[in-house]
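>>> Sequence plus the predicted model coming up.
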Number of protein chains: 2
Amino acid sequence: MQLAVDVGENALTERQKDVLDAALALLVEAGDTLTMTSVARRASCSKESLYKWFGDRDGLLTATVQWQASKVRAVPVNPEAFDLASLTAGLQRFASDWLHVLSGTISVALNRVAVGHAGSDKHDLGVIVLENGPFAMARRLKPLLELGRDTGLLHFYETDEAFRTFFGLVVRDVQIRLLLGDRLELTDASIERDSLRATQQFLALYGAQTEAAEGGH
Amino acid sequence: MQLAVDVGENALTERQKDVLDAALALLVEAGDTLTMTSVARRASCSKESLYKWFGDRDGLLTATVQWQASKVRAVPVNPEAFDLASLTAGLQRFASDWLHVLSGTISVALNRVAVGHAGSDKHDLGVIVLENGPFAMARRLKPLLELGRDTGLLHFYETDEAFRTFFGLVVRDVQIRLLLGDRLELTDASIERDSLRATQQFLALYGAQTEAAEGGH
DNA sequence: GCCGTACCGTACCGTACGTTACGGCAGCGG
DNA sequence: CCGCTGCCGTAACGTACGGTACGGTACGGC
């Protein structure tokens, strides 16, 4: 349950970052079938360097996942005047951001390899993606939820329950369908619409004020 | 979008079914790293027979997935007297069944290999699992939802929207966390509790009668 | 100018595994 | 009893790929 990204050991040369970006691109294109040779060729570096820098294939994959994770850092929302409008806006923005990340080719590719490697792995990629995916989302969202509860705008007993419900309302079957290869067109407009719907549904379930919210559509 | 399981070509010998069950067991144990040799040894059959029956490794995997899919057939719920109680019971039973399947080792293993193979595949396993997973769930649930709407118990415009919301409320982050290797204890009691919660939340959002449903906990 | 370091490109090695081939055996129709 | 068929067990083949070794080059310090 520790933070999986070793910030202290982030001693990455620019050259090495370029290599990891190349590995990312190949991961998106070829998935888990990428070879050390292909990475070396794409990045115009020698395999010897790959092994010196990252140890072995697993090390390269791990470094690649962590490198990507380090790029998408949280943007904390900390409004001064907190009311229903800013809570709603925060939730919707959060949902929108999450759907955008989730449906990106890089996220899909990384989740695919992590799922494929989960279970039988030493440098468990699954744990890393878990840590930087759902768990990171929870860490980012929970302060907002608890602020909403403390200001009387939301009503729930377990923060985790509330978060997971919001997760379900936002993600629904989108992620698993994308991972399984379903062609699912997520336009900016549809994401905005879905974020709003999820937010309104969440407020209808956990909002402390009006109960007259119309759920569907 | 056709039914992926060729029922017409389901000419499977008992021997072949045994072989596929062995392959399933190995898939659960070793994931995608199972070898043709290991399947042959586990099933006490020759590799020659494997290739004669299933063509190649991909064919074996495909047949295995389809074989498992053919085992979990739908149990249609078609009550005579339809009221809020039977609707609620149907939804909750559905959610419970789905969570049980979802968290089973076989489902996790199959979804892992399907996700791993998705995208760059000819016999696309992802499509098969998609067809027998989320899509099958939708086909099974939609009649119940539309019956609820036609009898005035539910209120929604798009059946698909209602289904996907229910999916989100039931599954939440459970599936992705399991696929990524998170140790997630789902006891019968917790599944029952979650099914009830999801059902009540769904009714709070789409139910046409009372709006006073308490969302959380 | 000389050496050490870092790195590229490439050739090479070992192995795992998909795929094929073959010998042997059991059952069965004639 | 003979031959055919289907299958098991295993050996053999080919290749892809992870990992290693090595020659060649650029560069910075002395």
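Perfect, thanks for sending it.

>>> Against DNA strand D, how distant is the residue positioned nearest the centre of chain A?
The centroid of chain A falls nearest to residue A:133 when counting by CA atoms, centre = their mean (3.7 Å). Between residue A:133 and DNA strand D the computed distance is 25 Å (CB to the nearest atom of the strand, to the nearest Å). (C-beta placed from N, C-alpha, C; glycine too.)

>>> what's that residue in contact with, if anything?
Residue A:133 is in contact with A:111, B:176, B:180, counting by CB atoms under 8 Å, 6 or more residues apart in numbering or on different chains.

>>> Going through these, which ones are buried?
A:111, B:176, B:180 (16 or more other CB atoms under 10 Å in any protein chain shown).

>>> Tell me who's in contact with the second one.
Just to be clear, that refers to residue B:176. A:111, A:133, A:134, A:175, A:176.

>>> Look up how far residue A:119 lies from the residue nearest to the centre of chain A.
Relative to residue A:119, residue A:133 is positioned 17 Å away (CB to CB, to the nearest Å).

>>> Apart from its chain neighbours, what residue comes closest to residue A:107?
Distances taken as CB to CB, 6 or more residues apart in numbering or on different chains place residue A:101 nearest to residue A:107, at 5.5 Å, with adjacent residues excluded.

>>> to the chain's geometric centre, what's the distance from whichever strand or helix holds that neighbour?
Residue A:101 is part of helix A:84-103, with elements assigned from DSSP states H and E. In this view, helix A:84-103 has its centroid 13 Å away from the chain centroid, taken as CA atoms, centre = their mean, to the nearest Å.

>>> Any buried residues in it, and which?
Of the residues in helix A:84-103, those buried (16+ other CB under 10 Å) are A:84, A:86-88, A:90-92, A:94-99, A:102-103.

>>> From the contact counts, what lies against it?
Packed against helix A:84-103 by the contact rule (3 or more CB pairs under 8 Å, 6 or more residues apart in numbering or on different chains; DSSP states H and E) you find helix A:134-150, helix A:159-171, helix A:174-179, helix A:188-206.

>>> any chance of those in a markdown table, plus distance to DNA strand C and mean pLDDT?
Formatted as a markdown table, the helices and strands packed on helix A:84-103 follow (distance: least, CB to the nearest atom of the strand, whole Å; pLDDT from 0 to 100):
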| stretch | distance to DNA strand C | mean pLDDT |
| --- | --- | --- |
| helix A:134-150 | 31 | 93 |
| helix A:159-171 | 33 | 97 |
| helix A:174-179 | 23 | 97 |
| helix A:188-206 | 38 | 97 |
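
>>> Just send those helices back as JSON lines, with distance to residue A:60 too.
Listed next are those as JSON lines, based on distance: least, CB to CB, whole Å:
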{"stretch": "helix A:134-150", "distance to residue A:60": "23"}
{"stretch": "helix A:159-171", "distance to residue A:60": "29"}
{"stretch": "helix A:174-179", "distance to residue A:60": "22"}
{"stretch": "helix A:188-206", "distance to residue A:60": "32"}
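
>>> returning to that earlier point: go through the contacts of residue A:133 and say which is closest to DNA strand D.
Checking these against DNA strand D with CB to the nearest atom of the strand, the nearest one is residue A:111 at 19.8 Å.

>>> Just the buried positions in the strand or helix carrying that closest one, please.
For residue A:111, the enclosing helix or strand under DSSP H and E is helix A:105-117. Across helix A:105-117, burial judged by 16+ other CB under 10 Å covers A:107, A:108, A:109, A:110, A:111, A:112, A:113, A:114, A:115, A:116, A:117.

>>> Can I get it in CSV? Just the C-alpha atoms.
Extracted in CSV, the C-alpha atoms of helix A:105-117 (Å, rounded to 0.1, in the frame of the first residue of the first chain):
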residue,chain,number,x,y,z
THR,A,105,-4.6,5.0,-25.8
ILE,A,106,-1.7,5.1,-23.3
SER,A,107,-4.0,4.3,-20.4
VAL,A,108,-5.6,1.4,-22.2
ALA,A,109,-2.2,0.0,-23.3
LEU,A,110,-0.7,0.2,-19.8
ASN,A,111,-3.8,-1.3,-18.2
ARG,A,112,-3.7,-4.1,-20.7
VAL,A,113,-0.1,-5.1,-19.9
ALA,A,114,-0.6,-4.6,-16.2
VAL,A,115,-3.7,-6.9,-16.3
GLY,A,116,-1.8,-9.4,-18.3
HIS,A,117,1.1,-9.5,-15.9
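
>>> close to DNA strand C, is that helix?
No. Contact between helix A:105-117 and DNA strand C is absent, the nearest approach being 14.5 Å (criterion: CB under 7 Å from any atom of the strand).

>>> Run the contact check for that helix versus DNA strand D.
No. Between helix A:105-117 and DNA strand D, judged by CB under 7 Å from any atom of the strand, nothing touches; the nearest distance is 12.2 Å.

>>> I'd like to know which elements the helix or strand following that helix is packed against.
Note on helix A:105-117: by DSSP H and E, the next helix or strand toward the C-terminus is helix A:125-132. If you count contacts as 3+ CB pairs under 8 Å, 6+ apart, helix A:125-132 packs onto helix A:57-71, helix A:105-117.

>>> And these: which comes nearest residue B:68?
helix A:105-117 (18.0 Å; CB to CB).

>>> What lies in contact with the closest one?
A:24, A:27-28, A:31-32, A:61, A:65, A:68, A:101, A:124-126, A:128-130, A:133, A:175, A:178-179, B:31-32, B:111-113, B:115-116, B:118-119, B:176, B:179-180.

>>> quick one: low-confidence parts of chain A?
The model of chain A has pLDDT under 70 over residues A:1-10, A:73-79, A:209-217.

>>> Thanks again, I'm all set now.
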